[in-house]
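A.B. asks: got a sequence here, can you model it:
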Amino acid sequence: MTRKDRGSPRTDGPALGGAPGVSYTGRGVHRIAVEALARRIFDGTYAEGDLLDLPGLMAELDVSQTVLREAIKVLTTKGLLDARQKRGTFVRPRDDWNLLDSDVLRWTIDSGAPGAFFADLLELRRAVEPAAAALAALHRTDADLTALDAALSAMAAAEQTSVMTDAVMTEGDPVLAVRADASFHTALLTASGNPFFAQMRRVIIPALVVRDRLVHAGRHEHPLPTHARVAERVRARDQDGAFAAMLDVIELSRRGHP
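C.D. replies: Numbering: from 1, shown residues only. The predicted model follows:
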């Protein structure tokens, strides 16, 4: 089956049981309640196994029972909460939380994710992105190459905003650099032609952005050469070369992580 036969993956559909990358789209008081309750879980106000004080939460958040139930329902689909008769609503073990859900991922990062979290993410990237690069070398379209080239151009522009102190280490525009890196990795995952790899951007990119903001705020190893080699091998339809080049990019991430 060709990439054209498969069609483009949908990224805006509804979540099913906390599907990867699908954010809660509620607005107003419902969204405020979801965010406030999640924050209390992630900051440890409610620890694993703790029962929720529903009347207390209704008063504290100044919301109705209906709104609080909606918030609990949302967090239940994301693996954070559960309810049992004669026990009540409680926080599930952290191992049950759906880390592939974009909201859970965001809350984890915002709450100050430990270094082990980013090490685990690096292992995930090592498993996914080189394979995606190899597939991109096989399936890439002209549009994919254009997207990769645009990201590389933005990356170069971001780094050129600084005064180079030597051939390797540089300071650049951190905002532009973060956007360019996110665009490159998104384009690469999309170019794989595999809708499952394409969806992994919703897991990889948010954490990558956090890492990049720290790294690009100071002197760092210039990212353009390694990323350009990936695009070059993808353009040449060199699957093994693209795989190896992407491993080099991930190694750069490992060395540069603060």
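A.B. asks: in stretch 44-58, what counts as buried?
C.D. replies: Tyr46, Leu52, Leu57, Met58 (16 or more other CB atoms under 10 Å). For glycine as for every other residue, the C-beta is placed from the backbone atoms N, C-alpha and C.
A.B. asks: export it to CSV, keeping only CA atoms.
C.D. replies: Extracted C-alpha coordinates of stretch 44-58, given in CSV (Å, rounded to 0.1, in the frame of the first residue of the first chain):
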residue,chain,number,x,y,z
GLY,A,44,1.5,16.1,45.1
THR,A,45,-1.4,17.7,46.9
TYR,A,46,-3.2,14.5,46.0
ALA,A,47,-0.7,11.6,46.0
GLU,A,48,-1.1,8.2,44.4
GLY,A,49,-4.0,6.3,46.1
ASP,A,50,-5.4,9.4,47.8
LEU,A,51,-9.2,9.9,47.8
LEU,A,52,-10.5,13.2,46.4
ASP,A,53,-12.4,15.4,48.8
LEU,A,54,-15.2,16.2,46.3
PRO,A,55,-17.2,18.7,48.5
GLY,A,56,-13.9,20.4,49.4
LEU,A,57,-12.8,20.6,45.8
MET,A,58,-16.2,22.0,44.8
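A.B. asks: same question for it, mean pLDDT?
C.D. replies: In this model, stretch 44-58 has a mean pLDDT of 95.
A.B. asks: chain center to it: distance?
C.D. replies: 28 Å (CA atoms, centre = their mean, to the nearest Å).
A.B. asks: ok, then the element right after the one helix or strand Ala116 maps to?
C.D. replies: In this assignment (DSSP states H and E), Ala116 forms part of helix 115-139. Following helix 115-139 in sequence order, the next helix or strand is helix 142-159 (DSSP H and E).
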